[in-house]
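Asks: 3D model of this:
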Amino acid sequence: MEKLVKQPEVKEKNINKEKILKILKYLIPAITPFLCFVIMEYIWRYKSNGVLTSNPFVTIPAVLLIFNLLLFYGFWGLLFAVIGRSNIASYITIALSFIIGLANYYIMDFRNAPITAADFRALRTVFAVGGSYSYMPVKQIFVIALLAICLGVLNGFFKFKLPSMKKTYSKILVRVIPAVLCICLMVGVTNFISRTDIRKIIPEFNATLFTGAIMARDDGLLLCFVSTIQYTNVDKPDDYSVETAQKILNDNKDDSIWKTSSISKTASDTKTFNTSTKNANIVVIMNECFSDIGVLGDLKTNVDYMPFTRKLMAGAKDTVSGYFYSSVIAGSTANTEFEFLTGDTMAFLPPNSIPYQQFINDDIESMASDLNAQGYSTIGTHPYVGYGWNRRTTYPHLGFRQTKFAVDMTGLRQIRIYTDDQSYYDYLENNVFYKSQPFFSFNVTMQNHGGYTGSFDNFHPDVQMSGVASDATSTYLTLIKKSDEALERLINYFKKHKEPTIVVMFGDHQPNDYVVEPIYNKIGKTTAELTGAEHFERYKVPVLMWANYDIPEDNKLVTSANYMGGMVTKLAGCKTSPYQNFLEKLRAKVPVICSQGFIGKDNKYHDLDELDEYINEINDYRILNYYNLFK
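Replies: Now for the predicted structure:
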């Protein structure tokens with residue numbers, strides 16, 4: 001009798017167990033896309049020091065959380081409809097979520113900007129320069145990796161599949177229609193959040209792209225990524241036509257604007273400046289990550305990290321100096337040289353795009369091509385790989401008749417793992433400068449490239465920030481000091497030559513956030529909290545133009561890279577192009593314009609959204625920008 005009483009209890013337990021297993025069979029796959037969102041978001045929100053910078057369930061509004069999840073569920077649903085097995089769909093979604101999140105963790109650490117659609121063209125360069133960065137993730141990343149593994153294991157146990165269908169209409173109902181619906185869902189979400197009026201519909205959506213990092217923080221990485229797909233293409237400006245662009249250029253053939261330019265108030269004893277007797281040689285040094293981070297706050301160090309540069313910028317004879325605002329930060333070096341050489345601006349191009357890799361597929365006008373027409377020998381050099389930012393292909397399109405990269409050079413030495421400035425300058429002095437005249441030499445250094453942690457046998461930081469112990473900041477400042485010393489030797493080299501030569505030196509951008517964070521921490525701020533005009537200062541970089549002949553002195557220059565090529569051309573006594581004349585007229589009204597905003601004649605920072613209202617002629621600039629790149 002006892003056995004007869006207990007049998008129903010065992011049977012009931014088995015039934016309950018079967019119910020639980022059946023529920024889990026569908027529940028685990030059902031919550032997998034949500035957990036994949038958690039995996040992706042939490043990985044990249046950790047910094048390399050292990051600090052969680054933000055919580056996605058706090059920073060992302062509920063409506064945007066829903067849009068993020070719709071993309072995850074749409075992707076999982078598409079895989080399931082096509083493959084027919086929940087576990088395989090889950091494995092792929094989990095793996096991609098972890099890989100993308102981890103990749104974004106490193107990219108955010110390197111350049112403080114998230115993955116965008118434009119980045120896939122830049123992967124080769126990213127891998128090329130990644131050797132000096134630390135790839136060891138913080139322990140929190142291993143916890144998230146364990147979560148991903150456990151989720152994969154659970155999906156291996158709890159799974160279901162679509163029944164096999166022999167009839168065509170059954171396959172359409174069970175597989176094709178759900179797959180199409182999932183595609184429509186993802187495309188619909190992408191198109192919706194890419195609307196130009198999205199802020200009116202969803203005020204919580206951060207669509208300004210002031211910085212990609214802030215957008216990813218507020219909107220979610222996946223939503224941020226798909227919203228940037230629209231920025232891989234460049235729309236024609238209003239009223240654009242080839243004829244309109246050519247008319248604007250024809251209207252600016254007259255270079256009389258330079259007579260009233262702030263850099264053209266020529267001294268009475270001018271020998272070569274602004275004359276047609278003899279054009280000067282032009283040497284441009286775009287110094288990798290060279291900047292004065294002291295502009296960000298109260299920075300005190302045990303020794304001055306750029307004494308010679310400060311001396312030149314304090315009003316030295318025959319020197320124009322000041323600051324320009326870059327369009328990039330902690331990376332995307334090629335965009336600064338693109339603006340300098342062409343006069344085009346990243347303000348009118350997709351955020352995080354790289355024109356060298358995306359848009360320049362044919363010959364375009366640049367400072368190099370203009371100087372070619374005036375009898376100059378033009379050469380572009382860089383002591384690193386030629387495929388970095390596609391320079392080996394792009395430089396000839398810009399008009400450089402010669403190019404030299406690390407493989408073409410000898411006698412280079414290294415600091416950390418990159419060519420140091422001094423040995424690079426030594427090579428240029430022995431193999432490039434004055435080998436033909438007049439010459440234009442555009443040179444991009446490598447010494448100060450990012451990756452400021454770790455120890456090296458050939459490098460020992462000796463510049464310290466007072467009151468703060470930061471290895472990264474010390475490394476960066478020490479590198480800047482070595483660049484400053486190499487620049488002094490370079491200037492002394494040109495002082496010995498009688499041939500008129502102008503030397504231009506500027507950095508391409510400021511360093512990563514973790515380098516400057518201690519400066520903000522001293523005043524109770526963090527880089528993540530900066531907005532508007534405060535953040536704009538993160539794009540401020542020194543520029544100086546020194547000549548071994550008479551040029552007007554000016555140490556209060558405030559500008560942007562797109563204007564500087566015309567200034568240098570004029571200071572060298574060369575004929576400026578109609579495009580450069582147009583830009584000099586524009587500079588009088590808008591002294592600074594870059595991807596992060598502009599400074600007007602009122603000397604105040606403005607968001608790019610205000611640009612069209614600020615100056616009527618700005619559409620002419622859009623037209624010339626488009627014409628130069630795409631014709």
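
Asks: where does the stretch 51-200 of the chain have low pLDDT?
Replies: When residues are selected by pLDDT under 70, those of the stretch 51-200 of the chain lie in 110-113, 116-136, 165, 168-169, 171, 196.

Asks: strands of this protein, residue ranges please.
Replies: Using DSSP state E, the strands of the chain run over residues 281-287, 319-325, 377-382, 402-405, 414-415, 418-419, 439-444, 501-507, 540-547, 554-560, 592-594, 597-599, 605-606.

Asks: tell me the most buried of those?
Replies: Per-residue neighbour counts averaged over each of these give the maximum for strand 592-594, namely a mean of 27 (mean count of other C-beta atoms under 10 Å). To be clear about C-beta, it is placed using only N, CA and C from the backbone, and glycine gets the same treatment.

Asks: for that one, give the mean pLDDT please.
Replies: For strand 592-594, mean pLDDT is 96.

Asks: nearest to Tyr91, out of the strands of the chain?
Replies: Evaluated over the strands of the chain, closeness to Tyr91 peaks at strand 418-419, with 39.8 Å, by C-beta to C-beta.

Asks: for that closest one, which helices and strands make contact with it?
Replies: In terms of contacts (3 or more C-beta pairs under 8 Å, 6 or more residues apart in numbering; DSSP states H and E), strand 418-419 is packed against no helix or strand at all.

Asks: how much distance is there from it to the middle of the chain?
Replies: Per C-alpha atoms, centre = their mean, to the nearest Å, the displacement of strand 418-419 from the mean C-alpha position of its chain is 21 Å.

Asks: same question, stretch 473-488
Replies: Relative to the mean C-alpha coordinate of its chain, stretch 473-488 is positioned 23 Å out (C-alpha atoms, centre = their mean).

Asks: by mean pLDDT, flag the weakest helix or strand of this structure.
Replies: With mean pLDDT, DSSP states H and E as the measure, the helix or strand of the chain carrying the lowest mean pLDDT is helix 123-129 (a mean of 51).

Asks: pipe the strands of the chain into TSV and attach distance to Arg392 per row.
Replies: Putting the strands of the chain into TSV (distance: least, C-beta to C-beta, whole Å) gives the following:
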stretch	distance to Arg392
strand 281-287	17
strand 319-325	27
strand 377-382	9
strand 402-405	6
strand 414-415	21
strand 418-419	17
strand 439-444	13
strand 501-507	23
strand 540-547	26
strand 554-560	27
strand 592-594	26
strand 597-599	33
strand 605-606	37
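
Asks: nearest to Val189 among those would be which one?
Replies: Each of these was checked against Val189 via C-beta to C-beta, and the shortest separation belongs to strand 597-599, namely 29.4 Å.

Asks: helices or strands next to that closest one in the packing?
Replies: Taking 3+ C-beta pairs under 8 Å, 6+ apart as contact, the helices and strands that strand 597-599 lies on are strand 592-594, strand 605-606.

Asks: in CSV: the ones you listed, plus distance to Ile60.
Replies: Putting those into CSV (distance: least, C-beta to C-beta, whole Å) gives the following:
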stretch, distance to Ile60
strand 592-594, 29
strand 605-606, 28
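
Asks: out of the ones you listed, which gets nearest to Lys236?
Replies: Counting by C-beta to C-beta, Lys236 lies closest to strand 592-594 out of those; the figure is 19.7 Å.

Asks: wait, what's in contact with Ile214?
Replies: Taking C-beta atoms under 8 Å, 6 or more residues apart in numbering as the criterion, Ile214 is in contact with Asn206.

Asks: nearest to Ile623 among the strands of the chain would be which one?
Replies: For the strands of the chain, the distance to Ile623 is smallest for strand 592-594, at 15.0 Å, taking C-beta to C-beta.

Asks: each with direction, which strands does the closest one pair with?
Replies: Partner strands for strand 592-594, per DSSP bridges, with pairing direction: strand 597-599 (antiparallel).

Asks: who touches the partner strand?
Replies: Taking contacts as C-beta under 8 Å, 6+ apart, the residues outside strand 597-599 that touch it are 325, 347, 536, 558, 590-593, 605-608, 610-611, 614.

Asks: and of those residues, the nearest to Gln447?
Replies: Closest to Gln447, out of all of the contacts of strand 597-599 and judged by C-beta to C-beta, is Tyr325, at 23.0 Å.

Asks: for beta bridges, what are the partners of that closest one?
Replies: When assigned by DSSP bridges, Tyr325 has beta-bridge partners Lys540, Ser560.

Asks: would you confirm that it contacts Ala533?
Replies: No: when contacts are counted by C-beta atoms under 8 Å, Tyr325 is not listed as touching Ala533 (11.4 Å).

Asks: neighbours around the nearest residue to Trp389 once chain neighbours are set aside, how many?
Replies: Distance criterion C-beta to C-beta, 6 or more residues apart in numbering; nearest residue to Trp389, sequence neighbours excluded, is Ala334 at 3.7 Å. Around Ala334 sit 22 other residues, with neighbours defined as other C-beta atoms under 10 Å.

Asks: just give the nearest non-adjacent residue to the most centrally placed residue in the chain, would you?
Replies: In the chain, the residue lying closest to the centroid (C-alpha atoms, centre = their mean) is Ser332, at 3.9 Å. Spatial nearest neighbour of Ser332, chain neighbours left out: Ile354 (6.4 Å); criterion: C-beta to C-beta, 6+ apart.

Asks: which pLDDT value belongs to the one you found?
Replies: According to the predicted model, the pLDDT of Ile354 comes to 82.

Asks: quick one: the helices in the stretch 151-300 of the chain?
Replies: Per DSSP state H, counting those that start in this stretch, the stretch 151-300 of the chain carries helices over the ranges 168-171, 177-193, 198-201, 212-219, 221-227, 242-250.

Asks: out of those helices, which comes closest to Gly467?
Replies: In terms of C-beta to C-beta, the element of the helices of the stretch 151-300 of the chain nearest to Gly467 is helix 212-219, at 27.4 Å.

Asks: got the angle between that closest one and helix 177-193?
Replies: Between the axis of helix 212-219 and that of helix 177-193 there is an angle of 120 degrees, by axes from the mean of the first three to the mean of the last three C-alpha atoms, to 10 degrees.

Asks: off-centre distance for helix 212-219?
Replies: On the basis of C-alpha atoms, centre = their mean, helix 212-219 sits 15 Å off its chain's mean C-alpha point.

Asks: just the mean pLDDT for that helix, thanks.
Replies: Averaging pLDDT along helix 212-219 yields 80.

Asks: pull the CA atoms of it into CSV?
Replies: In CSV, the C-alpha atoms belonging to helix 212-219 read as follows (Å, rounded to 0.1, in the frame of the first residue of the first chain):
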residue,chain,number,x,y,z
GLY,A,212,30.8,59.5,-30.3
ALA,A,213,31.7,58.4,-26.8
ILE,A,214,28.9,60.5,-25.3
MET,A,215,26.4,59.4,-27.9
ALA,A,216,27.2,55.7,-27.3
ARG,A,217,26.9,56.3,-23.5
ASP,A,218,23.5,57.9,-23.8
ASP,A,219,22.0,55.8,-26.7
